[in-house]
Every structure is written in structure tokens, then in C-alpha cells.
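1. sequence? don't have it. structure:
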């Protein structure tokens, strides 16, 4: 097997078409088809199913695609590492995070810190599975996510199996995010029963297991449910409707709508916010600076009823 074959596989997945992949790579369609057949023969698997609507990856093909992407990205990382001139004057790394305002505030502080240097940062916001996959596959050098008392033991085993390390930063009570005009906004503590008639906003959709859900709440028991993919939509809906979201309770000034408040959830879980990294990766000084900014932003945004 060769890197070129893997490049063909990734390009086919991008276009869902062998002919379009060939055009994009400036090679002939027969060349790509032969490369795929050779790879299938070498590995003893079927990679693609051909239909009248194009090509579809088989189960084995989808798994191979994951490794192909990972290997190509690692190859690029090696090339970048040994590119001396680029390495001298460019600070470059990627961070993956769940949807946390304090992580973005830390990026803003890092950008100010890097004011006099050349840098290229990639900030990947996504679900728990996205963060873990990014760190495991080395797309990101660091991940920011949270555990709860419900899934902590599951994650400890899962991280061990992936050769990942989780470092806690803070433990907080689960809170309800809602707007100041919400009918429940006057309460000092809110129960799930009191929330039952209001729309629940969540990032959870498409996560493979409930263990990976950001809010650690079983959505099967929710009557009104809205799935979102970014913090902007979350902030806008929370600040303009009687919807709610569950989370850390951290209110990040200038990075959240000022009309949003957080109130402790009665009987809620503990949320442990922390960092995840590969065991075989040593964090460079620039990433350690970012971690210091995360700690600062997290401390500033914590609710008053912080656990520790």
C-alpha cells in the first residue's frame, strides 16, 4: 500500500465519485480505479460499492478511510516538523474543544500574547467525540472537554484504551442557562420538573453514546428539543426565547450574550472540566501558555457556587 493510494481514497470520499476525484487530482479515472482494486486485493477487503448514484464506502472501506486520513495528516505533520525555515518563524498548532466560551476567550488572550510573532492557529469546536477523535488522530494537540459523575469511570477506561491523559481543571455544579426574562429566572435553584414545558437546546445530536453527550442528560425524556451545532445559535436562542441549556454555569463576559444567566440545577451532576492529550505528546511552551489562559478565563467565569 502507498500514500498515493490513500490520497485517492480520501479524494473519492470528498467527491463521492471516482471520476470527480480523478479530475481533482489530474489523473485518469482508470488509474484511480486500478489503485483501489490493488488496495482491495492487498488488504483482502472491499472498499467501495458502486451504485447508479456514485460510489459508497463499505464498512471496511469507511474504517480504511479513517486510517488513510490519519496517516496523510501525520505525513503532513512530519513534513512541517522538518521544514526548518517555516519552523523558525511560525507558531502553529490546533486545539479542539467542546462549546465553551472560556476556551475562546483564552484564544483571544493568546492572540494578544502572540501579537509580535507569526502564527497559524486552528480552533475546532465540536461534540465530545469530535474532540477525542481530533486529539487521538493528532489533528489537535490538546482537547478541552468535561466529565460528569455519571460518565467519569467510563471515560477513564476509554482514555486508557486510547492512550490519552485527562487533566482536571475545575469541578462545578450542573447549571441551567436561560435568559433574564425567563419565567424561572427569579429562582435560586431549578428542578428538571420545572423545566419540562420549556424547549431544551442541546449540542448532543449524532453523538454515538449518551456517555459522550456534553450536557449529560437523556434527551429521550425531553418533550421539546432543539439540536444546534454552534455557540452563536445557542446564544441567540437562549437570549431571545424561553428555552434553556444545561452546562457548567460559566458566564464568559464579552463572549456570551449579556442577557443569559445561569442558575444551579437541583440534584444536578458535577461537571469536571479538563484537558485531554495523547500520552506520547509533549506540549510545547506556546500550548502551555494557552493552558494558563484557559485557567484564567475559567476562573473568571465560574459561578459563585463553585465546588472547587
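-> Nice, I can see it. All values reported here derive from a predicted model rather than from experimental measurement. Numbers count the residues shown, from 1 in each chain.

2. any idea how far residue 102 is from the nearest residue to residue 120 once chain neighbours are set aside?
-> Closest residue in space to residue 120, ignoring its immediate chain neighbours: residue 92 at 4.4 Å, by CB to CB, 6 or more residues apart in numbering. C-beta coordinates here come from the backbone N, C-alpha and C atoms, glycine included. Using CB to CB, to the nearest Å, we find residue 92 at a distance of 23 Å from residue 102.

3. Looking at these two, which has the bigger crowd around it?
-> residue 102 (28 against 13; other CB atoms under 10 Å).

4. Any regions of this structure where pLDDT drops low?
-> 80-81, 83-88, 204-220, 305-308 (pLDDT under 70).

5. Mind naming the longest helix for it?
-> The residue-count maximum for a helix in the chain (DSSP state H) belongs to helix 59-81.

6. Would you mind identifying the next helix or strand past the one helix or strand residue 232 maps to?
-> In this assignment (DSSP states H and E), residue 232 forms part of helix 231-240. Using DSSP H and E, the helix or strand that follows helix 231-240 in sequence is strand 245-247.

7. Give the partner strands of that next one in its sheet and their orientations.
-> strand 175-179 (antiparallel) (DSSP bridges).

8. So what's the gap between the partner strand and the chain middle?
-> 22 Å (CA atoms, centre = their mean, to the nearest Å).

9. According to the record, where do the domains of the chain fall?
-> 3-80, 84-169+272-301, 172-271 (automatic domain parsing).

10. that older thread, other SSEs contacting the helix holding residue 232?
-> strand 175-179, strand 200-202, strand 260-264 (3 or more CB pairs under 8 Å, 6 or more residues apart in numbering; DSSP states H and E).

11. quick one: which of these is nearest residue 115?
-> strand 260-264 (30.2 Å; CB to CB).

12. Sheet-wise, list the partners of the closest one with their directions.
-> strand 175-179 (antiparallel).

13. who touches the partner strand?
-> With contacts defined as CB atoms under 8 Å, 6 or more residues apart in numbering, strand 175-179 is touched by 184-185, 190, 195, 238-249, 259-265, 268, 303.

14. Now the buried members of the residues you listed.
-> In these, burial by neighbour count holds for 190, 195, 238-239, 241-249, 260-265, 268, 303, counting by 16 or more other CB atoms under 10 Å.

15. Could you pull out the strands in the stretch 1-150 of the chain for me?
-> Assignment of strands within the stretch 1-150 of the chain using DSSP state E, counting those that start in this stretch yields the ranges 48-51, 54-57, 90-97, 118-125, 142-148.

16. Quick one: list the elements packing against the fourth one.
-> Read that as strand 118-125. strand 90-97, helix 101-113, helix 128-136.
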